[in-house]
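> sequence first, then the predicted structure:
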Amino acid sequence: MFDMSALTPEQRTAATYDAGHLLIVAGAGTGKTTTLTARLTHLLRCGVAPERILMLTFSRRAAAELLNRAEQMTGESTASTWGGTFHAVANRMLRRHGRAIGLEPSFTVMDQTDTADLLALVRKELDGPGDQELPETPFRRRARKQTLADILSRCVNTGSPLSQVLRTSFPWCADEKAEIRSAFEAYTARKRARQVLDFDDLLLFWGALLRIPDVARILQSQFDHILVDEYQDTNPLQADLLEGMAAGGATLTAVGDDAQAIYSFRAATHRNIMEFPARFAAEVVMLQRNHRSTPSLVAATNAVIAEAALRHPKQLWSSRDDRGRPELVRCDDEADQSRRVCDRLLHHHEQGTKLQGQAILVRAAHHSSLLELELTARKIPFIKYGGLRFLEAAHVKDMVCLLRLIENPRDELAWFRVLQLIEGLGPGAARRITAGVMEGPGPSGLEAAAPGLPAGPQEAVGLLEQTLTDCRSLGPEAPGAAVERARLWLDPAVAARYPNSGARIADLDQLGRLAAASGSLRQFLADLTLDPPSSTSDLAGPPHLDDDFVTISTIHSAKGCEWDVVHVLHVTDGHIPSDLATGDAEAIEEERRLLYVAMTRARNHLYAYSPLRYHYRPRGRDDSHGFGQLTRFFTPAVLACLDTARSTRIPESDPSAPAGAVAATGIETVDRMVAALWD
DNA sequence: GAAATCATACTTTTT
DNA sequence: GTATGATTTC
């Protein structure tokens, strides 16, 4: 049984609060998960039915962990509790109620690469056959497709007009504005025609559901309690959704820490957490006792965050035994840094801290590449979280598109991609055939749509159609078998198309295993886009689970985790803060919080590494980055908390920032409001 | 029309 | 160092 008396008084207050909406401001390491678990347990014990609780978290993993723990505490099954990310919950609700806004339950969810691909496709269609003349500017390049997707998402998520987004964030694309606008319009139209949604649509349409009184009533009356984790990383749209959901009388519990807000690039705003008490007339409970870290570590992290501009004032404290101050490790260069990290890693290992108790944190995924070489050379096993994703690998994407065609034969993007796998079919032929399939009457008719092909491709198209037919006949409940069958067609294509096909075939094995573990093809595809495998271990599987290994993670992916020993790499200006994020004051503040998140992951020992010299060439202009300058966030006050004697100057920066969300009342309204941004 | 070659802008964090 | 659009070649 869960022992409430094991909680601190503040935790207990938060767990058992019964008088309305509640905000729990939980500083780093103050037992947020414990408190949330206790609250869930409390609710279940008070007789709240598990299916009447909605648990919104940042990742599926987080939701699963919380529900598991609560289940162990109460012995009650939480299988019927709704849990997951905003996007995943939106997906579920839209499958169920989407018809009310004209959305078939079989819609497909696009990930960001799909979005980029579709944008590229419609842009290509837009430039007619006539105007190939660009004599004045022979090498004029247009924005990349991924850039187009970034621009679009930024417009939608911040509710800012296209021209402003272009001016402030993508100045080199400004002269393409007209073309970009038409591409966006065509993109939206195509998206609607094919019943595919992008990530932003999921949230916008959930909002749209809430604007339909009958549906809103159903959704609102479905839950008595809504718990939101990591509230500091929600965006204005998500806050609106919460308000809409709570309008029927459900009680809200939001948990978060404004000092750990690190997702503003995804339009999250710490304003949400700052304004929550007033907006929802909520009580605030503040957790300030740090159970995780030693007093020396807490002193250092407090010093880092003390200089943040806007925050819920709080002062964390710890009464744990001390293990000494965190260490600032100045290194000659990056290679030296790698060596020193390995040395310390092994040192702590010899002292009894397993590799699994240690982590290496980086600002950007590629910051660890040199270190990975060193680890490999020294035979130190590691797994890596964040960064490049499985799904983005071309051959994996090929398989996913094939699966999507099984599920939804009218998935234009999938056709376009899969057809090009056939030798002898390029973009032109693929587009023609795809168009034929789209106009065709039924789900089949592939061959009818591809008249006049040479014999080779013609035969390959026939085999493709046979493959899809076979897969469909396996039924929707057998994703594993479908992958097996699809591979008979795909494997040879992959082998012929990509150089290192061995590793790629192995990836398809992995995908097959993942699929086999899933209940249905539709579910598998949705999971894959909404909650993709995030670490190398998710994929490499548990063969070396017995082995000890160290974790490498981006700081973003390390959120919510903790380790005995933490190594933070590249604590230099240009890395932290990233030189790509130094545009305005808000961006700099976020980088400060990022460093704070990294440092607060440590329980006992913390090392910050700062190379003095970099050997790679400086990018951009000629401000020479040959020398690594210590991060500006290590001010004298912070340095006083570290084992080091050096200090550096602190530059300043300038402000400017937009904000706002898009409100929605139906698909057309959504589209119109978004289109209004394309001024 | 498709494959091969060339030139150049860009390079983070993730649902 | 890389990815991708534009251009040239087959």
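Sure, I can see it. Numbers count the residues shown, from 1 in each chain, chains lettered A, B, ... in the order given.

> okay, CA-based contacts and neighbour counts for the rest of this
Fine.

> what's the closest non-adjacent residue to residue A:53?
residue A:225 (4.9 Å; Cα to Cα, 6 or more residues apart in numbering).

> neighbours of that neighbour, how many?
Using other Cα atoms under 10 Å, residue A:225 has 23 neighbouring residues.

> that one and residue A:50 touch, don't they?
No: contact criterion Cα atoms under 8 Å: residue A:225 and residue A:50 do not qualify, at 9.7 Å.

> report how many residues lie close to residue A:491.
If we define neighbours as other Cα under 10 Å, then residue A:491 has 17 of them.

> then residue A:193?
9.

> from residue A:102, how far off is it?
11 Å (Cα to Cα, to the nearest Å).

> anything in contact with each of these two?
Counting by Cα atoms under 8 Å, 6 or more residues apart in numbering, residue A:193 and residue A:102 have no contacts in common.

> which stretches in the stretch 1-150 of chain A count as helices?
A:9-16, A:32-45, A:60-74, A:86-97, A:112-126, A:145-158 (DSSP state H, counting those that start in this stretch).

> do the fifth one and DNA strand C meet?
Spelled out, that is helix A:112-126. Yes: contact of helix A:112-126 with DNA strand C (Cα under 7 Å from any atom of the strand) involves residue A:120.

> counting neighbours, which bits of that helix end up buried?
Neighbour-count burial for helix A:112-126 flags A:112, A:114-123 (criterion: 16 or more other Cα atoms under 10 Å).

> could those go into CSV alongside pLDDT and distance to residue A:198?
Listed next are the buried residues of helix A:112-126 as CSV, based on pLDDT from 0 to 100; distance: Cα to Cα, whole Å:
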residue, pLDDT, distance to residue A:198
A:112, 84, 7
A:114, 86, 8
A:115, 88, 7
A:116, 87, 10
A:117, 86, 12
A:118, 87, 11
A:119, 87, 12
A:120, 84, 15
A:121, 83, 15
A:122, 84, 15
A:123, 82, 17
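
> what is the nearest of those to residue A:433?
residue A:121 (14.2 Å; Cα to Cα).

> and the closest one, how far from residue A:190?
According to Cα to Cα, residue A:121 and residue A:190 sit 10 Å apart.

> now do residue A:180
On the measure of Cα to Cα, residue A:180 and residue A:190 end up 15 Å apart.

> out of the two, which sits in the busier spot?
Neighbours per residue, other Cα under 10 Å: of residue A:180 and residue A:190, the larger number sits with residue A:180, 22 against 16.

> okay but the more buried one is in contact with residue A:150, surely?
No: the pair residue A:180 / residue A:150 is not scored as a contact, 11.8 Å apart, by Cα under 8 Å.

> so how many other residues sit close to residue A:378?
11.

> from the stretch 201-350 of chain A, which residue is nearest to DNA strand C?
The minimum distance from the stretch 201-350 of chain A to DNA strand C, using Cα to the nearest atom of the strand, falls at residue A:334 (16.0 Å).

> OK, contacts around the nearest residue to that residue once chain neighbours are set aside?
Excluding the flanking residues, the one nearest residue A:334 by Cα to Cα, 6+ apart is residue A:611, at 5.7 Å. By Cα under 8 Å, 6+ apart, residue A:611 lies in contact with A:330-334, A:336-337, A:570-572, A:628.

> repeat that with 7 Å
By Cα atoms under 7 Å, 6 or more residues apart in numbering, the contact list for residue A:611 reads A:330-334, A:337, A:570, A:628.

> out of those, who's nearest residue A:213?
Using Cα to Cα, residue A:570 comes nearest to residue A:213 of the contacts of residue A:611, at 52.4 Å.

> which SSE is the closest residue to the closest one other than its chain neighbours in?
Leaving aside its chain neighbours, residue A:570 sits nearest to residue A:610 (5.3 Å; criterion: Cα to Cα, 6+ apart). Take DSSP states H and E as the rule and residue A:610 turns out to sit in strand A:602-613.

> please compute how far that strand lies from its chain's middle.
Centre-to-centre, strand A:602-613 and its host chain are 26 Å apart (Cα atoms, centre = their mean, to the nearest Å).

> now that strand: average pLDDT?
For strand A:602-613, mean pLDDT rounds to 90.

> do stretch A:64-76 as well
On average, stretch A:64-76 scores 81.

> pull out the buried residues from it.
Across stretch A:64-76, burial judged by 16+ other Cα under 10 Å covers A:64, A:66-71, A:73-74.

> check stretch A:80-95 too.
A:81-94.

> pLDDT added to those, as a markdown table?
Below are those laid out as a markdown table (pLDDT from 0 to 100):
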| residue | pLDDT |
| --- | --- |
| A:81 | 87 |
| A:82 | 90 |
| A:83 | 87 |
| A:84 | 88 |
| A:85 | 91 |
| A:86 | 93 |
| A:87 | 93 |
| A:88 | 92 |
| A:89 | 94 |
| A:90 | 95 |
| A:91 | 94 |
| A:92 | 93 |
| A:93 | 94 |
| A:94 | 95 |
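
> rebuild those residues as CSV, extending it with distance to DNA strand B.
Below are the buried residues of stretch A:80-95 laid out as CSV (distance: Cα to the nearest atom of the strand, whole Å):
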residue, distance to DNA strand B
A:81, 18
A:82, 15
A:83, 12
A:84, 8
A:85, 5
A:86, 6
A:87, 5
A:88, 6
A:89, 9
A:90, 10
A:91, 10
A:92, 12
A:93, 14
A:94, 15
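
> which one of those residues is nearest residue A:370?
After measuring those against residue A:370 - Cα to Cα - the closest member comes out as residue A:85, at 33.8 Å.

> surely the closest one is in contact with residue A:54?
No: using Cα atoms under 7 Å, residue A:85 is not in contact with residue A:54, being 10.5 Å away.

> what is the burial count for the residue lying closest to residue A:83 once chain neighbours are set aside?
Excluding the flanking residues, the one nearest residue A:83 by Cα to Cα, 6+ apart is residue A:55, at 4.5 Å. When neighbours are counted by other Cα under 10 Å, residue A:55 registers 24.

> quickly list what residue A:55 is bridged to.
residue A:83, residue A:227 (DSSP bridges).

> quick one: contacts for it?
By Cα under 7 Å, 6+ apart, the contact set of residue A:55 is A:63, A:82-84, A:226-228.

> swap the cut-off to 6 Å and go again
By Cα atoms under 6 Å, 6 or more residues apart in numbering, the contact set of residue A:55 is A:83, A:226-227.

> tell me the contacts of residue A:557?
residue A:386.

> quick one, phi psi at it?
Backbone torsions for residue A:557, taken as degrees, to the nearest 10, come to phi -80, psi -10.

> show the model's pLDDT score for residue A:309.
Listed pLDDT for residue A:309 reads 73.

> can I assume it sits in a strand?
No: per DSSP: H, G, I helix; E, B strand; the rest coil, residue A:309 lies outside any strand segment and is coil.

> please name the nearest non-neighbouring residue to residue A:123.
residue A:183 (5.3 Å).

> ok so, going back, so what pairs up with the residue nearest to residue A:334 in the strands?
Residues in beta-bridge contact with residue A:611 (DSSP bridges): residue A:331.

> how close does it sit to DNA strand C?
20 Å (Cα to the nearest atom of the strand, to the nearest Å).

> residue A:603 too?
From residue A:603 to DNA strand C the distance is 36 Å (Cα to the nearest atom of the strand).

> same deal with residue A:524?
25 Å.

> distance between the helix or strand containing that residue and the chain's centre?
In this assignment (DSSP H and E), residue A:524 forms part of helix A:521-530. Offset of helix A:521-530 from its chain centre (Cα atoms, centre = their mean): 16 Å.

> repeat for stretch A:40-58
25 Å.

> ok, back up a step: what is the burial count for the residue of the stretch 201-350 of chain A closest to DNA strand C?
24.

> DNA strand B versus that one, what's the distance?
Relative to DNA strand B, and taking Cα to the nearest atom of the strand, residue A:334 is found at 18 Å.
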